[in-house]
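Trainee: Compute the structure for the input listed below.
(2 chains)
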Amino acid sequence: MGKPTRVTNQIRALRFAAGEMTQAELADRLGVTRQTIIAVEQGKYSPSLEMAFQIARVFGVPLDGVFGYPEDGR
Amino acid sequence: MPFEEKMTWVSGVVTMIVPVVYFAIMIGRLQGTPATDIHFQTPLIVAIVASVVLTIVGAIVISIGTSITATIHGRKPEDEIDRKDERDKTISRRGDLIGYYVASAGMVGVLILTMLEADYFWIANALYLSFVVAMAVSSAVKLVAYHRGF
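Mentor: Model prediction:
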């Protein structure tokens, strides 16, 4: 089954770059469940714009440093 | 598994088990007995009360289990139980909306039964079945959304 969303993300790479931050730590900082972080990382859930900004702020990068949206058909 | 998903499982399982038992009893009573002579009121009330009580008991058991698991893993139990995020809310809304559509369709059926002046037995049971199916579909939609994403 294909991924439900076309939004891509670099959260996994950013977590490891941020001192191997765990999914639970990121979840705690955002006030969400660990399962939501897993779903976002796996492309099973597109977070709200607000949560997307919060994630980017945790890693200290701009929004498009975390999320991407590929061109049509890719 | 998020606490909200566990609660959806409890609700879904209770929603399936209690009505299956209730309808099995009713189908048994329908064998050779006219619907007008079947006393369905008490079993129906028992089924509804049982669903509520079992859901509450299930919620308590899940809460205690989640608290113990969280403590073992060095996490605050309230973080596991109270944390309902945007994904949980979106999934909940989605499931409830689909359940509402199913219940609405069922209500049309109940309305037709009343217009046809069907026996109370059929009207009451069609009403109960509508709610049960709506709840089951709602739970199923939520669980699929939790696992497959959306």
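Trainee: Spit out the contact partners of residue B:131.
Mentor: Applying C-beta atoms under 8 Å, 6 or more residues apart in numbering or on different chains, one finds that residue B:131 lies in contact with B:103, B:106. No exception for glycine: its C-beta is placed from N, CA and C like everyone else's.
Trainee: Name the SS class of it, please.
Mentor: Secondary structure state of residue B:131, per DSSP: H, G, I helix; E, B strand; the rest coil, is helix.
Trainee: distance of it from chain A?
Mentor: Applying C-beta to the nearest C-beta, to the nearest Å, the value for residue B:131 to chain A is 29 Å.
Trainee: Would you tell me which helix is longest in the chain?
Mentor: With no chain named, the answer covers chain A. helix A:49-59 (DSSP state H).
Trainee: my bad, chain B
Mentor: Of all the segments of type helix in chain B, defined by DSSP H, the longest one is helix B:41-72.
Trainee: can you map out the strands along chain B?
Mentor: With DSSP state E as the criterion, chain B has no strands.
Trainee: Run through the helices of it in chain order.
Mentor: Secondary structure of chain B by DSSP H: the helices cover B:3-30, B:41-72, B:77-82, B:86-115, B:120-148.
Trainee: In CSV, list the C-alpha atoms belonging to the longest helix of chain A.
Mentor: Coordinates of each C-alpha in helix A:49-59 appear next as CSV, following Å, rounded to 0.1, in the frame of the first residue of the first chain:
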residue,chain,number,x,y,z
LEU,A,49,1.1,23.5,9.9
GLU,A,50,1.4,24.4,13.6
MET,A,51,3.0,21.1,14.5
ALA,A,52,5.2,21.3,11.5
PHE,A,53,6.6,24.7,12.6
GLN,A,54,7.1,23.3,16.1
ILE,A,55,9.1,20.4,14.8
ALA,A,56,11.2,22.7,12.7
ARG,A,57,11.8,24.9,15.7
VAL,A,58,13.0,22.0,17.8
PHE,A,59,15.7,21.3,15.2
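Trainee: Tell me if that helix is near chain B.
Mentor: Yes - with C-beta under 8 Å from any C-beta of the partner chain as the measure, helix A:49-59 is seen reaching chain B through residue A:51.
Trainee: Pull out the buried positions in the lowest-mean-pLDDT helix or strand in chain B.
Mentor: Among the helical and strand segments of chain B, the one scoring lowest on mean pLDDT, DSSP states H and E is helix B:77-82, with a mean of 74. Neighbour-count burial for helix B:77-82, with 16 or more other C-beta atoms under 10 Å in any protein chain shown as criterion, is recorded at B:80-81.
Trainee: Appreciated, that's everything.
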